[in-house]
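I would like the atomic coordinates for the input below:
(3 chains)
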Amino acid sequence: MITRKAPTALAAVKKRTGETKTMSIYDTLNERQKEAVLQTEGPVLILAGAGSGKTRVLTHRIAWLIDRCGVDPWNIMAITFTNKAAGEMRARVDQIVGFGSEKIWVSTFHSSCVRILRRYIDRLGYDTNFTIYDTDDQKTVMKDVCKRLQIDVKMLKERTILNAISSAKNECMTPEEFARAEDGDFTGKRIAEAYAEYQRTLRRNNALDFDDLLLKTVELFKTCPEVLDSYQERLRYIMVDEYQDTNTVQFELIRLLAAKYRNLCVVGDDDQSIYKFRGANIRNILDFEKVYPEAKVVRLEQNYRSTQNVLDAANEIIRNNVGRKEKRLWTDKGAGSLIHFRQFDTAYDEAEFIAQDIGQKERRGALEYGDCAVLFRTNAQARLLEERFVTEGIPYDVVGGVNFYARKEIRDLLSYLKTVDNGSDDVAVRRIINIPRRGIGATTIARVQEYANERQISFYDALREADQIASLGRSAAKLGSFVMLIQSLRAKVEHYGIAGLLRDIIETTGYVRELEDSDEDDAESRIENIDELMNKVVSYEESHEEASLSGFLQEVALVADIDNVSQEGGRVLLMTLHSAKGLEFSDVYLSGMEDGLFPGYLTITSDDPAEMEEERRLAYVGITRAKKELTLTCARARMVRGETQYNMVSRFLREIPESLLDHKLPDRKVWEWESGETLSFGSSYGDGVFVTGGRRREGSASMSDSWGHEGGAAVAGGRKPSSDGFYTASAPEDGIGQTRPSVDTRPRPKAVWAPRRTAEENKPFLTKASAGLSGLSKGAPAGGRPDYEEGDRVRHIKYGEGTVTKIEEGARDYQVTVDFDSAGTKIMYAAFAKLRRV
DNA sequence: CGTACTAGTCTTTTT
DNA sequence: GACTAGTACG
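Numbers count the residues shown, from 1 in each chain, chains lettered A, B, ... in the order given. Next up is the predicted model:
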């Protein structure tokens, strides 16, 4: 049981005095960290602020347990959220523990559960070779369920139902419990029915979704005490990373595992809890001491990552949150640079600045691409930045967006692999049965499905009996050849391995050939993705002694995008704030720091103050990624969902003391555009947002004449077009000024003023847009070419008259160069210059 | 059965 | 604006 290992953890260190003395790795820890490492028995809560060396503490703690306490590595478990974190943990543990480290159970929640379920799930009536459904598969299943239950997906969307089911599962609720809790409410009842039917379908397909992996493990532990006991005996020392992100099922799982020995050490930072939407329950960390009254609590507040200025900014922001454990990060590194702040007219300017700034610094040697990241709130913001990075020739990688394994071509090929591996995955079989086109249509598929349902067999098994299905007629032959194809692939797997199988599939289906012949412009990148998949197969086969198709598919099912990110690529990383958690960079750019974007509308208008706190934590996470330089940027105008939004500076920026910033924040009541225009807001209305443009809906003739005349009544939120053609808000209930797509909006831009509802100020808002505003209508970004040409005489409100010498079409807007009679030559954006032809 | 066009939705964040 | 699902038509 006890394996004492050689003292690899001890390092000989040369002291300053010159004498050589044996000193342990533990001496490099600070007092607090040491405390956390040495407290090996009983429950421990480590409140680890950002950059306070928590991974170091965890790995050293593991080493200590093995080295000094004689704990068998076999009895230790370290659990994380992402494969990447698990991999890093594993590597660092290997480094300091040496012999025996491979026996430590280091893995994610999800893969831990898969590992347990592969062994024991038959006790719950599932087959141990179950398949794992991802979000896409879930939707396919739910679509079917809705059809069967005759749920109108227009009233109740699949996604909504799935979200409700996911929340229920995260709270450990069975369909029966869910149904009981939802008595009365019609929608709730329907969701409950859908939940039950969905679960039945999954079971029939021998499939589990992500949430089930956790839930079924808990269920297994509760119904089979002997199984639980065997794991309790094995996993005597449990460590959980990112504990603030655990949800109720995860909490329960850990609670069960640790119930016998109670050696549970959780590490987390309540200020970095940003996954509430995924069911994370911040109470798990806040109430840890209530659940484990004997818990030892250690606070790690010394930060080894950032400069004091960065930390001060983060501290000042986060202290506006109420529901948190008081902490204050500090460093002995010194103040460092001021935090950079810039505001731009448009999101294009912002992106351009970031790309150029990074390029310049790199050329100057002030920055390395590989140690630099640009962060944003929503994935959609990446595109603009990408464009700029391409033009500036800066190497970059975008993290996230569409997961590699969620791409169509990858899913198609994986479905083939799944079908060959195991025909019971109906979703996979049905996905590929007509890829490439085999003339098998919806009717045929429905008939086969019907046959399968009647006989309680899988879709694939029904296909094999196609000639028995009378209703099929001639189509049966097509199905027969599909089955033949799969069978022959199956027969060959043994011989040529997974890579060979994939190659064969690509060959016989002509998948790549079809792409090569297609004139779609993303065909090339799809082929690249397929090559990438092939690489992954090959490297899987190389790194696994007993590579199997099932093993590969299982591994692939639990991969997240962040898992594949390398910081060693020498490329700038573009990603969401969520993806950035756990990473650090010397230079960090936080873009889109605007009210309405970050924090987003939904948060601003929410009645639940907890949402704003979560958003603030996200800001905190973003800022604390920076080691040295932090640049915060925002734009006055940006396109969001095809509409131009005019946003004020993010309230989070205003929570940073001005003394920490290199540029003053703009006055929140006046906007000054580069053209010299100013736009002032009513005195005490706080920050707000303008939205212009809106979708052109040509079909709705009933509205087309009403705009600017009597049409106001049809506009949502009680807005009316004012005399100068702009919608101004007359106290919309929700405080949002965004034009709704359901409302007819004429092509010409209009602006809507929607103030933030402040605690102190909730009176009617301004009713008349200021004069300067009207100019915005002339060539708002969404609009077309300005109504003047090169050579035309124009008048600018500030610079007077001049001649247009150049009009350049930019990505979205027109850049106009004007020779002014008295003010000289100016280059400006058509959208904001508000030039009038004279 | 397949294609081409239209309408609607989306954008918060993801294991 | 972009993507997707749904529909009309060949």
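
With adjacent residues omitted, what lies nearest to the residue of the stretch 351-500 of chain A found nearest DNA strand B?
Residue of the stretch 351-500 of chain A nearest DNA strand B, by CB to the nearest atom of the strand: A:Gly441 (2.6 Å). From N, CA and C alone the C-beta is placed, and that goes for glycine too. Spatially, and ignoring its direct neighbours in sequence, A:Gly441 is nearest to A:Asn434 (7.3 Å; CB to CB, 6 or more residues apart in numbering).

partners of the longest strand belonging to chain A, with directions?
Criterion DSSP state E: the longest strand present in chain A is strand A:626-640. Strands that pair with strand A:626-640, judged by DSSP bridges, come out as strand A:340-346 (parallel), strand A:585-590 (parallel), strand A:643-647 (antiparallel).

just so I have it, where are all the strands in the stretch 1-150 of chain A?
A:10-14, A:20-24, A:44-48, A:76-80, A:105-108, A:131-133 (DSSP state E, counting those that start in this stretch).

Select from those the stretch with the lowest mean pLDDT.
Lowest mean pLDDT within the strands of the stretch 1-150 of chain A: strand A:10-14, a mean of 37.

I'd guessed A:Glu614 sits against A:Asp271; true?
No: at 10.7 Å, A:Glu614 does not count as touching A:Asp271 under the criterion of CB atoms under 8 Å.

which one of those two has more residues nearby?
Taking neighbours as other CB atoms under 10 Å, A:Glu614 and A:Asp271 compare with A:Asp271 leading, 27 against 21.

So, low pLDDT: which residues of the stretch 401-550 of chain A?
Residue ranges of the stretch 401-550 of chain A with pLDDT under 70: A:521.

For it, which residue gets nearest to DNA strand C?
A:Lys408 (6.5 Å).

How many residues are close by the nearest residue in space to that residue that is not next to it in sequence?
Among residues not flanking A:Lys408 along the chain, A:Arg526 sits closest, at 7.8 Å (CB to CB, 6+ apart). Using other CB under 10 Å, A:Arg526 is surrounded by 18 other residues.

give the contact list for A:Arg526.
Going by CB atoms under 8 Å, 6 or more residues apart in numbering, A:Arg526 touches A:407-409, A:515.

A:Asn379 too?
By CB under 8 Å, 6+ apart, the residues touching A:Asn379 are A:400-401, A:576.

Over to A:Glu465?
Counting by CB under 8 Å, 6+ apart, A:Glu465 touches A:Tyr451.

Name the SS class of A:Lys806, please.
Under DSSP: H, G, I helix; E, B strand; the rest coil, A:Lys806 falls in the strand class.

My guess is it contacts A:Gly791. True?
No: using CB under 8 Å, A:Lys806 is not in contact with A:Gly791, being 10.0 Å away.

who has more neighbours, the two?
Using other CB under 10 Å, the more surrounded residue of A:Lys806 and A:Gly791 is A:Lys806, with 13 against 9.

Quick one: name whatever helix or strand follows the longest helix that chain A contains.
Counting residues, the longest helix in chain A under DSSP state H turns out to be helix A:475-509. Downstream of helix A:475-509, the first helix or strand assigned by DSSP states H and E is helix A:511-517.

In PDB, could you pull the C-alpha coordinates for that following helix?
Included here for helix A:511-517 are C-alpha records, laid out as PDB according to Å, rounded to 0.1, in the frame of the first residue of the first chain:
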ATOM      1  CA  TYR A 511     -16.100  13.400 -49.500                       C
ATOM      2  CA  VAL A 512     -13.000  15.400 -50.200                       C
ATOM      3  CA  ARG A 513     -13.400  15.000 -54.000                       C
ATOM      4  CA  GLU A 514     -16.800  16.600 -53.800                       C
ATOM      5  CA  LEU A 515     -15.300  19.500 -51.800                       C
ATOM      6  CA  GLU A 516     -12.500  19.900 -54.300                       C
ATOM      7  CA  ASP A 517     -15.000  20.200 -57.100                       C
END
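
chain center to whichever helix or strand comes after that helix, what's the gap?
The helix or strand immediately downstream of helix A:511-517 is helix A:523-543, counting by DSSP H and E. With CA atoms, centre = their mean, to the nearest Å as the basis, helix A:523-543 stands 24 Å off its chain's centre.

Please point out which parts of helix A:523-543 sit buried.
Neighbour-count burial for helix A:523-543 flags A:523, A:526, A:529-530, A:533-534, A:536-537, A:540-541 (criterion: 16 or more other CB atoms under 10 Å).

Can you show me the helices along the stretch 1-150 of chain A?
A:31-38, A:54-67, A:83-97, A:109-120, A:135-149 (DSSP state H, counting those that start in this stretch).

which one of these is the most hemmed in?
Comparing the helices of the stretch 1-150 of chain A by mean neighbour count (mean count of other CB atoms under 10 Å), helix A:54-67 ranks first with a mean of 24.

Show me which residues of the stretch 51-200 of chain A sit near DNA strand B.
Within the stretch 51-200 of chain A, the positions near DNA strand B by CB under 7 Å from any atom of the strand are A:81-82, A:108-110, A:135, A:154, A:157, A:159.

one more time with 10 Å, if that's ok
Residues of the stretch 51-200 of chain A found near DNA strand B (CB under 10 Å from any atom of the strand) are A:80-86, A:108-111, A:134-135, A:138, A:153-155, A:157-160, A:162-163, A:166, A:170.
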